[in-house]
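**Q** coordinates only, sequence not included:
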């Protein structure tokens, strides 16, 4: 996974818009006196241990929220996107590092805005080491295992399929398995390929010899992956901030953006410590 700087353009996007409970340590962002927090409290639904959620944890544990005047509370991440939407609309939640599963929700009126990309490279489409599938074109007529309908692995795979002239609705069959059972489903022949996330994808490759047909980490600019729609400067996870917060407190929203930018930069420089945390 490659974390990217949340570029200065994000602040411009915000300007235009305006015309961890159990993960805490004693010196982290959630402690101190109220006077230390210029912009008050924020609540972030991110407590699930996901590698993709690293910016939330690092911004908290390494004190970037606190440094930027924010008293952060990391709470459980609802699994149902409708609960997340309701939380943002009501003001229960303020920000989240999430995948582009939320972009259709925004199109449908969810009260959040994507203000910039945070990282790429947590999604892969894998096949077993002895599979006769060697390219995206070989997926036509095949069954693909995914963790949920509408999940990010399904979106990433669909982008690659479309760029290869394959209709993701008609030319493949999607089959849902629990994330921890996807690799076994492929080994048993229940599916021909699996769309999954790290660390499960990494484990399947390292421990069981699975091969990657699609990898949305294209930081190196590989042309083969770019042709599938996996662009060098693309993202799979974004910073989302509630419309309510953006409209009511511009400086606070900018402080959130800055905290995530600093966390993403820190992660790139300290990957092993990040994994440990």
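**A** Nice, thanks for sending it over. Just so it is clear, the model here is predicted, and its values are computed rather than measured.
**Q** which strands and helices sit next to the host helix or strand of residue 75?
**A** Assigned by DSSP states H and E, residue 75 belongs to strand 71-76. Here strand 71-76 touches strand 41-47, helix 54-61, helix 64-67, going by 3 or more CB pairs under 8 Å, 6 or more residues apart in numbering; DSSP states H and E. From N, CA and C alone the C-beta is placed, and that goes for glycine too.
**Q** So for it, mean pLDDT?
**A** Regarding strand 71-76, the rounded mean pLDDT is 94.
**Q** and what of stretch 243-258?
**A** 93.
**Q** Same question for stretch 106-117.
**A** Taken as a whole, stretch 106-117 carries a mean pLDDT of 83.
**Q** Name the residues of that stretch that come out as buried.
**A** For stretch 106-117, the neighbour count (16 or more other CB atoms under 10 Å) marks 106, 110-117 as buried.
**Q** now swap in stretch 172-187 and tell me
**A** By 16+ other CB under 10 Å, the buried positions in stretch 172-187 come out as 172, 174, 177, 179, 182-183, 185-186.
**Q** can you put these in CSV and add secondary structure and pLDDT?
**A** Below are the buried residues of stretch 172-187 laid out as CSV (DSSP: H, G, I helix; E, B strand; the rest coil; pLDDT from 0 to 100):
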residue, secondary structure, pLDDT
172, coil, 97
174, strand, 97
177, coil, 94
179, helix, 89
182, helix, 96
183, helix, 96
185, helix, 97
186, helix, 97
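**Q** which secondary structure elements does the lengthiest helix in the chain contact?
**A** If you go by DSSP state H, the chain has its longest helix at helix 250-269. Judged by 3+ CB pairs under 8 Å, 6+ apart, helix 250-269 is in contact with strand 2-3, helix 9-18, helix 54-61, helix 64-67, strand 95-99, strand 112-120, strand 237-242, helix 243-248.
**Q** Please dump the buried residues of stretch 106-117 into TSV; it should also carry distance to residue 55 for every row.
**A** Conversion of those to TSV gives the following (distance: CB to CB, whole Å):
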residue	distance to residue 55
106	20
110	21
111	22
112	16
113	17
114	14
115	13
116	11
117	11
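**Q** And those, which two are furthest apart?
**A** By the measure CB to CB, 111 and 117 form the most distant pair in the buried residues of stretch 106-117, at 20.5 Å.
**Q** what about the protein, any weak spots by pLDDT?
**A** By pLDDT under 70, the weakly predicted segments of the chain are 1-34, 49-50, 101, 119-121, 218-223, 225-226, 228-236.
**Q** Against the centre of it, work out the most remote residue.
**A** Most distant from the centre of the chain: residue 35, at 32.7 Å, with distances by CA atoms, centre = their mean.
**Q** what residues are up against that residue?
**A** For residue 35, no residue meets the contact criterion (CB atoms under 8 Å, 6 or more residues apart in numbering).
**Q** again, but for residue 263
**A** Applying CB under 8 Å, 6+ apart, the residues near residue 263 are 54-56, 58-59, 62, 64.
**Q** Mind doing that once more with 6 Å?
**A** 55, 58-59, 64 (CB atoms under 6 Å, 6 or more residues apart in numbering).
**Q** If you drop the residues flanking it in sequence, what lies closest to it?
**A** Once flanking residues are discounted, residue 263 sits nearest to residue 59: 3.9 Å by CB to CB, 6 or more residues apart in numbering.
**Q** And for that neighbour, the neighbour number?
**A** Residues near residue 59, counting by other CB atoms under 10 Å, number 33.
**Q** Check the spacing between it and residue 176 real quick.
**A** 32 Å (CB to CB, to the nearest Å).
**Q** Over to residue 265?
**A** Using CB to CB, we find residue 265 at a distance of 36 Å from residue 176.
**Q** Residue 209: how many residues sit nearby?
**A** As a burial measure, residue 209 scores 10 neighbours (other CB under 10 Å).
**Q** I figured it hits residue 129, correct?
**A** Yes. Contact status for residue 209 versus residue 129: in contact at 3.7 Å, counting by CB atoms under 6 Å.
**Q** Quick check: buried residues in the longest helix of the chain?
**A** Using 16+ other CB under 10 Å as the test for burial, helix 250-269 gives 252-267.
**Q** hang on, the earlier thing: now that we have the contacts of residue 263, which of them are buried?
**A** Listed as buried from the contacts of residue 263 are 55, 58-59, 64; burial here means 16+ other CB under 10 Å.
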